[in-house]
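>>> I'd like to go over a predicted model; first the sequence, then the structure.
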Amino acid sequence: MKVNKIMALRLILSIMLIIGFTSCSKKSSSKNSSQATGWNVDSKKGSSKNKQEAGPGLVFVEGGTFTMGKVEDDVMHDWNNTPTQQHVQSFYMDETEVTNKMYLEYLDWVKKVFPPSDENYKNIYEGASPDTLVWRDRLGYNETMTNNYLRHPSYAGYPVVGVNWIQAVEFSKWRTQRVNEALLEKNGYLKKNAKTLDVTAESNFDTETYLNSPTLSYGGNAEIVLPGKYADKKGGKKPTKAGKDGKVIEPTNIYAQRSSGILLPEYRLPTEAEWEYAAAADVGQREYNIYKGQKKYPWSGSYTRSGKRQSKGDQLANFKQGNGDYGGIAGWSDDGADITNKVKSYPANDFGLYDMAGNVAEWVMDVYRPIVDNEANDFNYFRGNQYTKNKIGKDGKVEIVTKENIKYDTLSNGRIVARAFPGQIAQVPVDEKETYLRQNFDKSDNINYRDGDKQSTRYFNFGDSESDTKKGKDDKVMYNAPKHNVTIDSLGNMVRKYDKTNKRTTLINDNVRVYKGGSWRDRAYWLDPAQRRYFPQDMATDYIGFRCAMSRVGAKSDKRKSARN
């Protein structure tokens with residue numbers, strides 16, 4: 001009898017332990033409980049399930065390691081492509097180059113928001129417009145492209161050209177604002193069709209302004225900027241309601257934040273490392289040794305014609321095949337184009353990217369230097385960092401750009417380009433508050449770090465740099481390019497002051513940018529993804545275009561799972 005009682009007690013205790021363990025497991029696994037403290041938290045403030053969506057026009061590129069700068073046919077031996085092993089994080093890149101149609105959408109928006117008839121904005125539209133005169137040639141008749149290439153519907157799907165590096169960067173910023181604006185509207189944080197309302201310069205939307213101070217967006221118009229998806233159509237909050245326990249539940253009255261997972265990172269130009277990695281697309285060509293970089297083109301093989309049965313003999317890119325041969329004999333052996341060609345006219349590479357060789361060369365973010373310093377960094381390599389921070393006014397709040405303090409730059413050709421627009425947060429260089437005692441960076445401008453700055457030269461005297469300047473040694477820098485000064489006077493006339501000294505030895509300076517890939521004007525030699533050239537950032541040509549990229553946040557890839565699963 002006693003044995004039965006003991007067995008019964010043991011059974012009851014076991015059942016209680018199982019119930020207690022199960023209840024604890026349920027509590028700890030609740031999606032509202034913190035894994036750090038166990039306290040219930042508001043799951044609406046952020047979700048670990050939120051994954052970055054690919055922005056419009058973008059293709060996912062899974063990151064990895066590759067040999068950057070390995071050119072198979074290095075006939076020039078110009079010390080411009082020293083192979084270095086690099087690693088890039090996963091990112092997104094435009095499927096095609098930015099087309100005329102896409103850029104015209106940008107121009108139409110600029111003209112509407114910043115009308116050239118307004119004295120305050122008269123230079124903005126012209127500064128954003130491509131240079132259509134790049135098609136002209138002293139001994140060639142190209143007026144058809146000069147007059148029609150940008151705007152004629154026959155060229156709508158062709159890559160935009162005549163765009164300098166600065167204009168490409170500004171287009172990328174504009175695209176960021178329009179995409180995030182649409183996402184906020186889709187998720188109920190902006191009034192329906194807000195992006196199609198009569199937006200003016202004073203009510204311009206900017207992502208960083210919204211994140212820092214949502215009530216300042218659209219010029220502080222509370223009818224457009226709504227406090228979350230709980231707001232009704234008029235902009236007010238939905239009425240409160242009672243819960244199961246009878247208590248009143250207040251609607252969530254918050255604006256979208258980074259933790260909401262709604263807004264995308266900025267559109268931007270790809271870095272040189274990203275562009276080269278994406279163009280080579282070693283991911284689909286395992287027979288090549290990616291560490292030695294033996295791949296010659298974005299496709300497999302060592303020839304520019306297709307070897308597939310269905311398309312055997314077809315050209316795989318748009319490039320110059322020889323002297324006076326921009327497309328081949330009409331009707332035979334033709335690449336289908338004499339100048340640029342419509343995007344997607346040739347097969348995509350293994351990442352799904354089109355025209356990574358040929359058609360037009362493309363701007364990348366990097367400032368040009370002959371060597372890539374992998375001793376300093378071999379992860380997400382990029383030269384050109386200029387760190388800034390938000391400008392804080394006397395009232396302790398961020399300072400918003402107005403039409404009275406728009407920032408303009410005068411380019412070398414006299415064109416005036418806006419660099420900060422109304423509605424944006426004014427930026428200033430970082431100072432010692434951010435750099436003091438840091439090991440990873442110590443100043444705002446890092447373009448010349450370890451390559452090209454005065455301290456890199458054998459002429460620099462660490463003990464008496466001021467006396468060096470007095471002795472005339474200030475010009476003895478590593479890259480002593482000509483220093484032209486072009487300004488606009490009060491009457492709008494261009495004032496040119498050319499550097500006529502005969503002591504200049506290079507054209508490399510802090511304002512030349514790398515461009516990658518061959519173009520319709522280039523021979524097959526330049527189709528190698530590792531080839532690199534440079535061009536002044538404020539000048540444009542008829543063979544350089546661009547495409548945008550976007551950083552990926554979160555996991556390297558959605559496909560890869562833990563081995564435990």
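Arrived safely, thanks for sending.
>>> C-alpha from now on. contacts and neighbour counts both.
OK.
>>> for the closest residue to residue 296 other than its chain neighbours, give me its contacts.
Nearest residue to residue 296 in three dimensions, chain neighbours excluded: residue 528, at 5.4 Å (C-alpha to C-alpha, 6 or more residues apart in numbering). Neighbouring residues of residue 528 by C-alpha atoms under 8 Å, 6 or more residues apart in numbering: 71-72, 296-298, 357, 517-518.
>>> so among those residues, where is pLDDT lowest?
pLDDT across these is lowest for residue 72, at 81.
>>> separation between it and residue 528?
As judged by C-alpha to C-alpha, to the nearest Å, residue 72 and residue 528 stand 8 Å apart.
>>> hey, what's in contact with both of these two?
Common neighbours of residue 72 and residue 528 (C-alpha under 8 Å, 6+ apart) are residue 296.
>>> all strands of the stretch 51-200 of the chain, in order?
For the stretch 51-200 of the chain, the strands defined by DSSP state E, counting those that start in this stretch cover 58-61, 64-68, 84-88, 91-94.
>>> what sits up against the first one?
Read it as strand 58-61. Against strand 58-61 from outside (C-alpha under 8 Å, 6+ apart): 54, 90-95, 278, 351-353, 549.
>>> select only the buried ones of those in PyMOL?
Restricted to buried positions by 16 or more other C-alpha atoms under 10 Å, the PyMOL selection for these reads:
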select buried, resi 90+91+92+93+94+95+278+351+352+353+549
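>>> where is pLDDT lowest across the contacts of strand 58-61?
Within these, pLDDT is lowest for residue 54, at 87.
>>> isn't that residue up against residue 93?
No. Using C-alpha atoms under 8 Å, residue 54 makes no contact with residue 93, being 9.3 Å away.
>>> just the pLDDT for residue 205.
pLDDT, read off for residue 205, is 89.
>>> can you get me a residue count around it?
Neighbour count for residue 205, taken as other C-alpha atoms under 10 Å: 25.
>>> quick one: contacts for the nearest residue to residue 539 once chain neighbours are set aside?
Excluding the flanking residues, the one nearest residue 539 by C-alpha to C-alpha, 6+ apart is residue 164, at 5.2 Å. Applying C-alpha under 8 Å, 6+ apart, we find residue 164 in contact with 130, 537-541.
>>> give me that answer again for 7 Å
Residues in contact with residue 164 (C-alpha atoms under 7 Å, 6 or more residues apart in numbering) are 537-540.
>>> any chance you could map the helices in the chain?
For the chain, applying DSSP state H gives helices covering 2-29, 100-113, 124-128, 143-148, 165-186, 207-212, 272-280, 432-435, 465-470.
>>> would you single out the least confident of the ones you listed?
helix 465-470 (a mean of 44).
>>> what is the neighbour count of residue 65?
A total of 16 residues lie near residue 65 under the criterion other C-alpha under 10 Å.
>>> what does residue 208 give?
Residues near residue 208, counting by other C-alpha under 10 Å, number 15.
>>> same deal with residue 173?
What residue 173 shows, counting by other C-alpha under 10 Å, is a neighbour count of 17.
>>> how near is the residue lying closest to residue 124 once chain neighbours are set aside to residue 405?
Closest residue to residue 124 apart from its sequence neighbours, by C-alpha to C-alpha, 6+ apart: residue 418 at 5.8 Å. Per C-alpha to C-alpha, residue 418 is found 11 Å from residue 405.
>>> do residue 339 as well
Residue 339 is 41 Å from residue 405, by C-alpha to C-alpha.
>>> higher neighbour count, the two?
Comparing residue 339 with residue 405 by other C-alpha under 10 Å, the one with more neighbours is residue 339, at 18 against 13.
>>> ok, that one - contacts?
residue 520.
>>> got a list of contacts for stretch 189-201?
Here stretch 189-201 has contacts from 113-114, 181-182, 184-185, 224-229, 255-256, 422, using C-alpha under 7 Å, 6+ apart.
>>> buried stuff in that stretch?
189-192, 194-195, 199-201.
>>> which one among those residues sits at the bottom for pLDDT?
residue 195 (67).
>>> what's the burial count for residue 500?
Per other C-alpha under 10 Å, the neighbour tally for residue 500 reads 10.
>>> can you give me the distance of it to residue 219?
48 Å.
>>> do residue 189 as well
Counting by C-alpha to C-alpha - residue 189 and residue 219 are separated by 16 Å.
>>> returning to that earlier point: from the contacts of stretch 189-201, which is closest to residue 311?
Ranked by distance to residue 311 (C-alpha to C-alpha), the contacts of stretch 189-201 are led by residue 182 at 40.8 Å.
>>> grab the nearest non-local neighbour of residue 115.
Per C-alpha to C-alpha, 6+ apart, closest to residue 115 is residue 121, 6.4 Å.
>>> residues near that neighbour, how many?
There are 21 residues near residue 121, going by other C-alpha under 10 Å.
>>> what does the one 4 residues further on give?
With neighbours defined by other C-alpha under 10 Å, the count for residue 125 comes to 21.
>>> swap in residue 344?
Once other C-alpha under 10 Å is used to define contacts, residue 344 is seen to have 15 neighbours.
>>> with residue 553 instead?
Using other C-alpha under 10 Å, residue 553 has 14 other residues around it.
>>> would you mind measuring from it to residue 366?
From residue 553 over to residue 366 the distance is 22 Å, taken as C-alpha to C-alpha.
>>> pretty sure residue 548 sits against residue 274.
No. Counting by C-alpha atoms under 7 Å, residue 274 is not a contact partner of residue 548; they are 11.1 Å apart.
>>> am I right that residue 207 is in contact with residue 177?
Yes. Taking C-alpha under 7 Å as the definition, residue 207 is a contact partner of residue 177 at 5.8 Å.
>>> who has more neighbours out of the two?
Neighbour totals were compared for residue 207 and residue 177, and residue 207 leads with 24 against 20 (other C-alpha under 10 Å).
>>> quick one: least confident helix or strand in the protein?
Lowest by mean pLDDT, DSSP states H and E among the helices and strands of the chain is helix 465-470, with a mean of 44.
>>> residue ranges with poor pLDDT in this structure?
Scanning the chain for pLDDT under 70 picks out 1-35, 37-38, 40-50, 195-197, 228-253, 284-294, 332-333, 452-477, 560-565.
>>> which of the contacts of strand 58-61 sits closest to residue 513?
Within those, the smallest distance to residue 513 is 16.6 Å, found for residue 549 (C-alpha to C-alpha).
>>> hey, what's the closest one bridged with?
residue 93, residue 268 (DSSP bridges).
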